[in-house]
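# Please find the sequence and the predicted model below.
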Amino acid sequence: MKKIRLSMMMIVLLIMSLAACNSSASDQMSLDKEFEKYRAEVIEPLNDRAIKTAEMGGRYTMLLEETEEAYNYINDELIPYATETRDLALEAQDGLVNPEIQELNEILIENLELTLKSFAKTAAMTEMNIPPIEDEKAAYEKTEKIYAELMELQEEIDRTSAEYEKRVDALAEE
């Protein structure tokens with residue numbers, strides 16, 4: 001009788017430990033499933049927002065003839081929209097499980113942060129050129145300096161964009 005009880009307890013313990021292991025494994029989302037979810041909930045909506053951001057950038061460029069209007073547009077419309085986009089990527093990070101998807105999203109966040117810095121510098125450069133300009137030479141020199149910083153930022157944006165696309169492609173092929 002004692003042997004049967006001991007055997008039953010061992011079987012119950014084995015079943016409970018297998019069930020515990022199995023539930024933690026099922027809680028872990030597979031990489032493929034998480035990537036598909038990430039694609040649907042993050043990549044596709046942010047791609048739509050990127051298109052709108054590009055359209056807004058075009059509108060900003062058209063407004064440059066009216067420097068003050070362009071400055072107001074970039075500060076009141078474009079930067080807040082880009083900030084919302086970055087915030088969506090930040091919110092997505094909290095729910096990600098797989099390290100590969102987390103790293104991918106971190107690259108996206110870095111890219112969006114760089115883009116926001118670029119917009120802020122563009123706004124500063126635009127503001128310096130709102131008439132009347134008291135010291136045109138100083139404004140020109142500051143504009144040149146900011147422009148050089150913008151070119152460096154653009155290289156970083158291009159680098160992170162390429163890395164992001166490379167990783168998306170690799171995950172899509174798996």
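Looks like it came in fine.
# distance between the longest helix seen in the chain and the chain's centre?
When the chain is parsed with DSSP state H, its longest helix is helix 136-173. Relative to its parent chain, helix 136-173 has a centroid offset of 15 Å by C-alpha atoms, centre = their mean, to the nearest Å.
# Any buried residues in that helix, and which?
146, 150, 153, 156, 157, 160, 161, 163, 164, 167, 168, 171 (16 or more other C-beta atoms under 10 Å). For glycine as for every other residue, the C-beta is placed from the backbone atoms N, C-alpha and C.
# what's that helix packed up against?
For helix 136-173, the helices and strands in contact under the criterion 3 or more C-beta pairs under 8 Å, 6 or more residues apart in numbering; DSSP states H and E are helix 31-38, helix 99-128.
# how about a markdown table for those, with distance to residue 47, mean neighbour count and mean pLDDT added?
A markdown table is the format used below for those (distance: least, C-beta to C-beta, whole Å; neighbours: other C-beta atoms under 10 Å; pLDDT from 0 to 100):
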| stretch | distance to residue 47 | mean neighbour count | mean pLDDT |
| --- | --- | --- | --- |
| helix 31-38 | 12 | 16 | 96 |
| helix 99-128 | 11 | 18 | 97 |
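# Need those helices in JSON lines (columns: distance to residue 74).
Below are these laid out as JSON lines (distance: least, C-beta to C-beta, whole Å):
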{"stretch": "helix 31-38", "distance to residue 74": "30"}
{"stretch": "helix 99-128", "distance to residue 74": "5"}
